[in-house]
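Peer 1: Predicted coordinates and the sequence they were generated for:
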Amino acid sequence: MAKVPVFKAVNVTKTYQLGDVEVKALQNINLEIYSGEFICIFGQSGCGKSTLLSLVAGLQKPTTGEIFVRGEKLSALNNEGLAKYRRSKIGIVFQSFNLVPSMNILENIALPLTFSRIPKAQRLARAKSLLETVGLAKYADHSSSQLSGGQQQRVAIARSLVTAPWIILADEPTGNLDSKAADEVMRLLISLNRKSKRTVLLITHNPNYLEYADRVFFMEDGKIIKTQVNNKVKASEDEEDEVETN
Amino acid sequence: MKLIDVLRLSLGNLRRNMLRTVLTISGVVVGISTIVFLVSLGFGLQNLAISKVTNLDALTLLTVNQSQKEGINLNDEAVTKFKNIKNVIAVSPILSFPAQIQASNLSGDTIAYGITPKYFNLESIKVDYGNANFSSDSANEAIVSVGSLKAINMTDPTTTLGKDASFRIVKVSDNGDKQENVIKLKIIGITKDDTTNYAYMPINVINTFNDNTYSAVKIKSASRGDMDEIRKTVESMGFPTTSVKDTVDQINQIFIVIQSVLGGFGFIALMVAAIGIFNTLTIALLERTHEIGIMKAIGGRNRDVALVFTAEAAMIGLFGGILGVSIGWLFGKGINLLVNFVATSVGGTANNMFYTPLWFAGFVITFSFLISTIAGIMPARHAAKLDPLEALRYE
């Protein structure tokens, strides 16, 4: 029996209308992503990789084509359904962290569970355990502005994990970080994939990260120009810090 | 999202922008307190006006008059019928005649009322000097107003009480025949009223003409609400009736107009406040666009976003309403105190010019809550409909 891909894009295009100019952000994208894979989508800025991620996250709809999640059409979901999809099936990590400034760290992590109507005590306990996982337990009461970029991104990863999703979408998560903080965040993502078998979709323009991926999609001008399969044994695995996520 | 979490988030947002929240609530407070102050003044003046006309007890009292129609007589038979009407707790017949009060060769005009002892209770008549009531239905006693005593120079209660006076009772029948009887009665009580001339005496004493028809009958109902029903029954028997309620109804009608005008001013102030709420939320919407984007991206529903905004507006309305009612009420109290202080210092009497019924306070708070919530609906909808991706890009 053929494996059902977690994500499948079929002839996906996305065009924006900027005044009189039609911008083709994505052209004829076809890809399949399978459970447990670590996928990199690599390309220079403006190549359409973030657009692709936002389509997969259900934050916008493709102009033509269809995205399937576990065989189900994403376009079949209404706003309510998309919200539920985002808060239960996927976890999103953004380049700019996107923490809510008026809430403390713990509340930020617990926020998706708030939308899922999980009682306060329960969701804060879950948030706390994830905060420990990302090594920031003592910052629970701090506001996001009191944390460094790397710390904020680890908080954002903890938030993306709080609903125990089976897929993590990371849009240039290290883009705003110095190399040391970037390493920590990458270690965290790799460990999520290796240790807890989560599917990770990483958008990046940093070629150094490509070696961690099972497969890399190279993008240029809204098209996938090359797919690279890394068959090598993941040698770096044993060096990673163990990260427990559940 | 649970309601408690919606409230937590909204409260957090309101607290975050404390100054703006306080200013917006102040707008509501000004509107609400104006309404409460003005309408309470209206209520207060209304009560004052009614209390000057009558007391609340009088509103349970119905006066039945002799019918002009043939064959319908206000007699003992009718009185018995009245007593049997549901919710009637007392019936008291009255015989009244024009009369002259005479003593030591002086005489003056007055009106003589023949009444039963319970009449004093029904009408809440205050006898200022001497006995408050007759010793029996047929005692040779009279209770008179100071006004009646002026003509016979007996206005000093201390010397007048216990003295005798003659009353020339005059009966003019429909065909113009005039009958007169003189009765001698002991003045046992005096009322302070020096503007009206009247004298009360037991009904059996005044009925020297052996009349079987009363001038009027007073009916007391168990409560104010029973009045209309009793009145209908009595009138269906063919008797015309009058009640202080008629006057009070007229006063009330005038005050409905006054209240509407006063409340209208307050309403305008509240509308301005509602625009303020709208404005505040619209600005908050711009400020929090990015945050809304985050909420949606991590799984917040449109409804959750809308609820948070609506709850903020509703809370502004609720806080503003409660605070506004309190301040409007206190302001009224303050003004009343000041006016009474001035009034009593120049020899006037203290009055309650302000009255805030509890139902009105509740109504105004609910009203403020609703208006604010409505003002919040549009910004909330707008927030809910924001495109998550665009909202995320918004800085």
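Peer 2: Nice, I can see it.

Peer 1: Could you list the low-pLDDT ranges of chain B?
Peer 2: For chain B, applying pLDDT under 70 flags the ranges B:56.

Peer 1: Give me the nearest residue to whichever residue of it sits closest to chain A, chain neighbours excluded.
Peer 2: Nearest to chain A, among the residues of chain B, is residue B:299, at 2.1 Å (CB to the nearest CB). Where C-beta positions appear, they are placed from N, C-alpha and C, glycine not excepted. Spatial nearest neighbour of residue B:299, chain neighbours left out: residue A:87 (2.1 Å); criterion: CB to CB, 6 or more residues apart in numbering or on different chains.

Peer 1: just residue A:77 next, same as before
Peer 2: Nearest one to residue A:77, counting by CB to CB, 6+ apart, is residue A:85 at 6.1 Å.

Peer 1: Check the average confidence over the helix or strand harbouring the one you found, would you?
Peer 2: Counting by DSSP states H and E, the element that carries residue A:85 is helix A:79-88. Averaged over helix A:79-88, pLDDT sits at 92.

Peer 1: how far is stretch A:78-94 from where the chain is centred?
Peer 2: 12 Å (CA atoms, centre = their mean, to the nearest Å).

Peer 1: Give me the buried positions along that stretch.
Peer 2: A:82-94 (16 or more other CB atoms under 10 Å in any protein chain shown).

Peer 1: cool, and stretch B:352-359?
Peer 2: B:353-356.

Peer 1: Give me the three-state assignment for the residue nearest in space to the middle of chain A.
Peer 2: In chain A, the residue lying closest to the centroid (CA atoms, centre = their mean) is residue A:169, at 1.4 Å. Following DSSP: H, G, I helix; E, B strand; the rest coil, the label given to residue A:169 is strand.

Peer 1: Enumerate the positions of the strand or helix carrying residue B:364 that are buried.
Peer 2: Assigned by DSSP H and E, residue B:364 belongs to helix B:358-385. Counting neighbours by 16+ other CB under 10 Å, one finds that the buried residues in helix B:358-385 are B:360-361, B:364-365, B:367-369, B:371-376, B:379-380, B:382-384.

Peer 1: the strands in the stretch 51-200 of chain B, which residues?
Peer 2: Secondary structure of the stretch 51-200 of chain B (DSSP state E, counting those that start in this stretch): strands at B:61-65, B:88-103, B:106-115, B:129-130, B:141-145, B:164-172, B:178-191, B:198-202.

Peer 1: where exactly do the helices run in chain A?
Peer 2: A:49-56, A:79-88, A:105-115, A:120-133, A:149-161, A:179-196 (DSSP state H).

Peer 1: Which among those is found nearest to residue A:216?
Peer 2: helix A:49-56 (11.3 Å; CB to CB).

Peer 1: residues touching the residue nearest to residue B:60 when sequence neighbours are not counted, list them.
Peer 2: Among residues not flanking residue B:60 along the chain, residue B:221 sits closest, at 4.8 Å (CB to CB, 6+ apart). For residue B:221, the contact set (CB atoms under 8 Å, 6 or more residues apart in numbering or on different chains) comprises B:60-62, B:87-89, B:227, B:230.

Peer 1: Is residue B:221 bridged to anything, and to what?
Peer 2: On the basis of DSSP bridges, residue B:221 takes part in beta bridges with residue B:88.

Peer 1: Provide a list of residues in contact with residue B:338.
Peer 2: By CB under 8 Å, 6+ apart, residue B:338 has no neighbours at all.

Peer 1: host element of it?
Peer 2: Short version, using DSSP H and E: residue B:338 is in helix B:302-345.

Peer 1: right, and residue A:152 touches residue A:143 too?
Peer 2: No. Assessed by CB atoms under 8 Å, residue A:152 is found out of contact with residue A:143, at 10.4 Å.

Peer 1: which of these two has more neighbours?
Peer 2: residue A:152 (24 against 16; other CB atoms under 10 Å in any protein chain shown).

Peer 1: Give the closest residue to the more buried one in space, chain neighbours not counted.
Peer 2: Once flanking residues are discounted, residue A:152 sits nearest to residue A:97: 4.3 Å by CB to CB, 6+ apart.

Peer 1: Burial check on the one you found, number of neighbours?
Peer 2: Neighbours of residue A:97 using other CB under 10 Å come to 23.

Peer 1: Looking at per-residue confidence, what score does residue A:146 get?
Peer 2: pLDDT recorded at residue A:146 is 93.

Peer 1: do the same with residue A:61
Peer 2: 92.

Peer 1: Pull the contacting residues for the closest residue to it other than its chain neighbours.
Peer 2: Using CB to CB, 6+ apart and skipping the chain neighbours, the partner closest in space to residue A:61 is residue A:75 (6.3 Å). By CB under 8 Å, 6+ apart, the contact set of residue A:75 is A:61-62, A:66-67.

Peer 1: Now do the contacts for the spatially most central residue of chain B.
Peer 2: Nearest to the geometric centre of chain B sits residue B:47, at 4.3 Å (CA atoms, centre = their mean). Contacts for residue B:47 (CB under 8 Å, 6+ apart) come out as B:352, B:355.

Peer 1: Nearest to chain B within chain A, name that residue for me.
Peer 2: residue A:87 (2.1 Å).

Peer 1: my guess is that residue contacts residue B:296, does it?
Peer 2: No. Using CB under 8 Å, residue A:87 is not in contact with residue B:296; the gap is 9.9 Å.

Peer 1: for chain B, what are the nearby residues on chain A?
Peer 2: Listed as neighbours of chain B in chain A under the rule CB under 8 Å from any CB of the partner chain: A:54, A:57, A:59-60, A:79-80, A:83-84, A:86-88, A:92, A:94, A:98-103, A:111-112, A:114-117, A:120, A:159-160, A:163.

Peer 1: can you give me phi and psi for the nearest residue to residue A:126 once chain neighbours are set aside?
Peer 2: Excluding the flanking residues, the one nearest residue A:126 by CB to CB, 6+ apart is residue A:162, at 6.0 Å. Main-chain torsions, residue A:162, degrees, to the nearest 10: phi -60, psi -30.

Peer 1: Could you list which residues are in contact with residue A:162?
Peer 2: Counting by CB under 8 Å, 6+ apart, residue A:162 has contacts A:91, A:109-110, A:112-113, A:123, A:126-127, A:130.

Peer 1: same thing with residue B:57?
Peer 2: Counting by CB under 8 Å, 6+ apart, residue B:57 makes contact with residue B:124.

Peer 1: do the same with the one 3 residues further on
Peer 2: Shown here is residue B:60, whose contacts under the criterion CB under 8 Å, 6+ apart are B:220-224, B:226-227.

Peer 1: And those residues, which two are furthest apart?
Peer 2: B:220 and B:224, at 11.1 Å, using CB to CB across the contacts of residue B:60.

Peer 1: of those two, who's got more company?
Peer 2: Set side by side, residue B:220 and residue B:224 show more neighbours around residue B:220, with 22 against 14, by other CB under 10 Å.

Peer 1: what does the stretch 1-150 of chain B put close to chain A?
Peer 2: B:1-2, B:4-5, B:9, B:12-13, B:16.

Peer 1: May I ask which of those has the most neighbours?
Peer 2: residue B:9 leads the residues of the stretch 1-150 of chain B next to chain A on contacts (other CB under 10 Å) with 25 neighbours.

Peer 1: My read is that residue A:172 contacts residue A:209, right?
Peer 2: No. If you go by CB under 8 Å, residue A:172 and residue A:209 don't touch, sitting 10.3 Å apart.

Peer 1: so residue B:64 sits right up against residue B:79, yeah?
Peer 2: No. At 9.2 Å, residue B:64 and residue B:79 do not qualify as touching, with contact defined as CB under 8 Å.

Peer 1: shared neighbours of the two, which are they?
Peer 2: With CB under 8 Å, 6+ apart as the test, residue B:64 and residue B:79 both reach residue B:217.

Peer 1: Settle it for me: which of the two has more neighbours?
Peer 2: residue B:64 (27 against 16).

Peer 1: beta partners for that one?
Peer 2: With DSSP bridges as the criterion, residue B:64 is bridged to residue B:217, residue B:241.
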